[in-house]
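Asks: what's the 3D shape of this:
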Amino acid sequence: MSEKPTQLWRWSARDLCGALRRREVSAREALAAHHERIDAVNGPLNAVVIEDREGARGRAAAADELAAHTAAEELPALHGLPMTHKDTHLVAGIRSTMGSALTDVVPTTDDLVIARLRGAGVNSTGKNNVPEFAAGSHTFNELFGATGNPYDPSVSCGGSSGGAAVTLATGIQALADGSDMGGSLRNPAAFCNVVGYRPSAGVLPVVPTRDPWAWLARTGVMAREVADVAFAMSVLAGPDPRVELPCPVSGPEFAALVDARVDLSARPLAGLRVGFTLDFGLGVPLEAPVAAVVAAQREVLESLGARVVDACPNLRSADEVFDTARALAMALSLREVVARYPDRVKPEVRWNVERGVELTGSDVIDATVARARLHSELGRWFSRHDVLVAPTSQVLPFPLEQRFPETIAGEPMGSYVEWMRSCTLVSAMGGPALSVPAGFASREGGAGPQLPVGLQIVGAHGDDARVLAVAQAYEAATRHVDASP
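Replies: Residues are numbered from 1 along each chain as shown. Just a heads-up that it's a prediction; the model follows:
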């Protein structure tokens with residue numbers, strides 16, 4: 001064993017996993033660095049809320065024993081990698097709450113994403129904070145409290161994969177799992193200056209599920225670099241017989257991006273047809289500092305060779321598609337909990353479940369027609385454009401004590417979801433979407449700290465590899481990902 005490296009928390013997932021497989025770093029050393037980082041930074045941020053240190057130490061020892069008798073190339077890709085998981089994902093043997101005392105259990109089985117991570121060698125060490133039942137893009141609940149932003153603990157880290165984003169930004173871990181219905185991977189990535197990836201439907205199936213045909217909610221990953229997202233997906237992508245959706249992208253397609261080298265002198269996006277929008281053609285409001293940062297990224301894309309035009313699909317059907325699908329999904333998963341404990345769930349959850357329960361046959365028919373109309377529009381639009389580039393979030397991270405932004409640029413927000421419309425419209429589109437760090441801004445007037453802003457890159461269904469490749473080129477040109485809190 002070589003001399004113990006320093007600052008393992010700064011390493012990429014690719015580098016750390018490579019060193020673990022080559023026995024240059026032991027699983028026990030990686031775990032110790034993980035725990036040391038939690039102890040150093042988690043206190044004021046409250047990102048990691050559940051730990052299993054004794055179990056994790058036993059698993060690290062077992063991983064080192066396996067490595068002692070196994071060739072490096074025969075070890076799993078994520079051998080010995082310590083990870084805390086989103087507290088909406090079941091991890092066998094580790095407490096699970098979904099941010100609510102009503103669902104506080106120790107499961108005996110893993111969700112599919114956890115099973116695949118563990119099968120690839122991950123050492124599960126605990127859970128990350130989430131909003132109650134993952135509802136909303138601000139991470140707080142009555143069980144554990146709120147999670148602060150690593151760039152300013154007095155403001156939101158986003159959500160619902162907010163705790164996961166904070167663990168990445170602070171170096172607690174190099175890779176994180178998450179989920180996304182209306183922006184829950186992308187929005188916290190934008191707020192915390194990391195990368196959040198929502199795959200095409202079927203790429204990483206959501207299991208268990210009450211609806212094998214469900215398409216809106218996705219399981220995905222977050223990391224500090226795009227290549228680490230591709231690395232994780234090379235292991236995680238693939239179909240599952242319990243889900244009826246086909247898998248449009250394979251692990252090898254992601255693997256091809258892991259070691260890709262971006263030659264900026266060669267204008268790596270030459271010929272790429274980019275539709276660029278700030279307001280999605282619908283007058284979606286943006287805070288001025290966010291709009292300024294995102295608008296400036298057009299020149300970056302053009303400098304990389306892309307042909308950038310002001311263009312966006314006609315998304316007038318997208319709100320109806322998203323609102324109906326979300327209400328139905330919320331009612332399907334939480335109807336019994338709300339009916340049994342109506343006074344013990346937050347009002348936003350009650351509201352959304354009630355909307356789902358009250359849906360009529362006409363509502364579902366209208367939303368189905370709207371989705372078909374949107375699907376046809378997207379087919380036409382993506383025949384003329386390769387990707388859509390847009391803001392990830394409409395606001396800078398907002399004060400921790402707010403439940404959600406009630407106004408944006410003077411416009412009132414009608415619900416706890418509406419302020420996330422820059423993400424929910426994209427969710428309705430159905431294809432892959434990724435948020436990549438785009439720079440920093442302070443509140444109007446220049447007061448306060450510099451806070452992260454995200455750029456959203458969106459593709460047609462199944463075009464995940466292109467979305468990640470575009471993000472890699474943009475990341476190489478800007479290196480906003482190198483900033484740390």
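Asks: mind checking how far A465 is from P44?
Replies: Separation of A465 from P44 (Cβ to Cβ, to the nearest Å) stands at 39 Å. In this view, the C-beta of every residue, glycine as well, is placed from N, C-alpha and C.
Asks: same question, P252
Replies: Here the criterion is Cβ to Cβ. By it, P252 lies 42 Å from P44.
Asks: Let me see the contact set for G430.
Replies: Shown here is G430, whose contacts under the criterion Cβ atoms under 8 Å, 6 or more residues apart in numbering are S200, A201, W215, H375, L378, H461.
Asks: In terms of packing, which of A465 and P44 has more residues around it?
Replies: Between A465 and P44, counted using other Cβ atoms under 10 Å, the more crowded position is A465 (18 against 8).
Asks: Out of the contacts of G430, which end up buried?
Replies: The neighbour-count test (16 or more other Cβ atoms under 10 Å) applied to those identifies S200, A201, W215, L378, H461 as buried.
Asks: Closest one of the residues you listed to Q472?
Replies: Looking at the buried ones among the contacts of G430 and their distance to Q472, the nearest is S200, at 17.7 Å (Cβ to Cβ).
Asks: surely that closest one meets L434?
Replies: No. Under the criterion of Cβ atoms under 8 Å, S200 lies out of contact with L434, with a separation of 11.3 Å.
Asks: and V426, that's in a helix?
Replies: Yes. Inclusion of V426 in a helix is indicated when DSSP: H, G, I helix; E, B strand; the rest coil is applied.
Asks: what about the helices in the stretch 351-485 of the chain?
Replies: Under the criterion DSSP state H, counting those that start in this stretch, the stretch 351-485 of the chain carries helices at the ranges 361-382, 421-429, 464-478.
Asks: looking only at pLDDT, what's the mean for the shortest one?
Replies: If you average the pLDDT over helix 421-429, you get 98.
Asks: for the longest one, same thing?
Replies: For helix 361-382, mean pLDDT is 98.
Asks: Between helix 421-429 and it, find me the angle.
Replies: 90 degrees (axes from the mean of the first three to the mean of the last three Cα atoms, to 10 degrees).
Asks: Contacts for helix 361-382 next, please.
Replies: Counting by Cβ under 8 Å, 6+ apart, helix 361-382 makes contact with 275, 311, 313-315, 317-318, 320-321, 323-325, 328, 428-431, 459-460, 463, all of which sit outside it.
Asks: switch to 6 Å and redo it
Replies: Applying Cβ atoms under 6 Å, 6 or more residues apart in numbering, the set of residues contacting helix 361-382 from outside is P313, N314, S317, A318, E320, V321, T324, M429, A460.
Asks: Mind exporting the C-alpha coordinates of that helix to PDB?
Replies: Coordinates of each C-alpha in helix 361-382 appear next as PDB, following Å, rounded to 0.1, in the frame of the first residue of the first chain:
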ATOM      1  CA  GLY A 361     -61.600  11.600 -16.700                       C
ATOM      2  CA  SER A 362     -61.800  14.800 -18.800                       C
ATOM      3  CA  ASP A 363     -58.700  16.100 -17.100                       C
ATOM      4  CA  VAL A 364     -56.700  13.000 -17.900                       C
ATOM      5  CA  ILE A 365     -58.000  12.900 -21.500                       C
ATOM      6  CA  ASP A 366     -57.100  16.600 -22.000                       C
ATOM      7  CA  ALA A 367     -53.600  16.100 -20.600                       C
ATOM      8  CA  THR A 368     -53.200  13.000 -22.800                       C
ATOM      9  CA  VAL A 369     -54.100  15.000 -25.900                       C
ATOM     10  CA  ALA A 370     -51.800  17.900 -24.800                       C
ATOM     11  CA  ARG A 371     -48.900  15.400 -24.400                       C
ATOM     12  CA  ALA A 372     -49.500  14.100 -27.900                       C
ATOM     13  CA  ARG A 373     -49.500  17.600 -29.200                       C
ATOM     14  CA  LEU A 374     -46.300  18.400 -27.300                       C
ATOM     15  CA  HIS A 375     -44.700  15.200 -28.500                       C
ATOM     16  CA  SER A 376     -45.400  16.100 -32.200                       C
ATOM     17  CA  GLU A 377     -44.000  19.700 -31.700                       C
ATOM     18  CA  LEU A 378     -40.800  18.300 -30.100                       C
ATOM     19  CA  GLY A 379     -40.300  15.900 -33.000                       C
ATOM     20  CA  ARG A 380     -40.400  18.800 -35.400                       C
ATOM     21  CA  TRP A 381     -38.300  21.100 -33.300                       C
ATOM     22  CA  PHE A 382     -35.500  18.600 -32.700                       C
END
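Asks: Please point out which parts of that helix sit buried.
Replies: Along helix 361-382, these residues count as buried under the neighbour rule (16+ other Cβ under 10 Å): D363, A367, A370, R371, R373, L374, E377, L378, W381, F382.
Asks: what about that helix, distance to the chain center?
Replies: 25 Å (Cα atoms, centre = their mean, to the nearest Å).
Asks: Also stretch 469-485?
Replies: Taking Cα atoms, centre = their mean, one finds the center of stretch 469-485 at 16 Å from the center of the full chain.
Asks: first vs last residue of that stretch, how far apart are they?
Replies: Stretch 469-485 has its terminal residues 26 Å apart, counting by Cα to Cα, to the nearest Å.
Asks: With stretch 213-224 instead?
Replies: Across stretch 213-224, the terminal residues are separated by 31 Å (Cα to Cα).
Asks: and G80, backbone torsions?
Replies: The phi and psi values for G80, taken as degrees, to the nearest 10, are phi 80, psi 0.
Asks: Next up, the contacts around it.
Replies: Contacts of G80 (Cβ under 6 Å, 6+ apart): L20, A27, A30, A63.
Asks: With adjacent residues omitted, what lies nearest to it?
Replies: Nearest-residue entry for G80: A27, 3.2 Å, with adjacent residues in sequence omitted and distances by Cβ to Cβ, 6 or more residues apart in numbering.
Asks: do E302 as well
Replies: In space, and not counting its chain neighbours, E302 is closest to V308: 5.4 Å by Cβ to Cβ, 6+ apart.
Asks: Which helix or strand contains the one you found?
Replies: strand 307-310 (DSSP states H and E).
Asks: now that strand, how far from the chain's geometric center?
Replies: Strand 307-310 has its average C-alpha position 27 Å from the chain's average C-alpha position, going by Cα atoms, centre = their mean.
Asks: Flag every buried residue along that strand.
Replies: When neighbours are counted by 16+ other Cβ under 10 Å, the buried residues of strand 307-310 are found to be V308.
Asks: Could you pull out the strands in the stretch 151-300 of the chain for me?
Replies: Under the criterion DSSP state E, counting those that start in this stretch, strands of the stretch 151-300 of the chain are mapped to 152-156, 175-180, 195-198, 218-223, 273-276.
Asks: Take the helices of the stretch 351-485 of the chain and write them to CSV, including distance to L304.
Replies: Shown next, in CSV, are these (distance: least, Cβ to Cβ, whole Å):
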stretch, distance to L304
helix 361-382, 20
helix 421-429, 22
helix 464-478, 5
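Asks: Among the ones you listed, which comes closest to V389?
Replies: Put simply, out of these the one that sits nearest V389 is helix 464-478, at 8.3 Å, with distance taken as Cβ to Cβ.
Asks: what does that closest one contact?
Replies: Applying Cβ under 6 Å, 6+ apart, the set of residues contacting helix 464-478 from outside is 199-200, 226, 230, 249, 253, 257, 262, 264, 268-269, 300, 304, 387, 432, 434, 436, 457, 459, 481.
Asks: With that, I have no additional questions.
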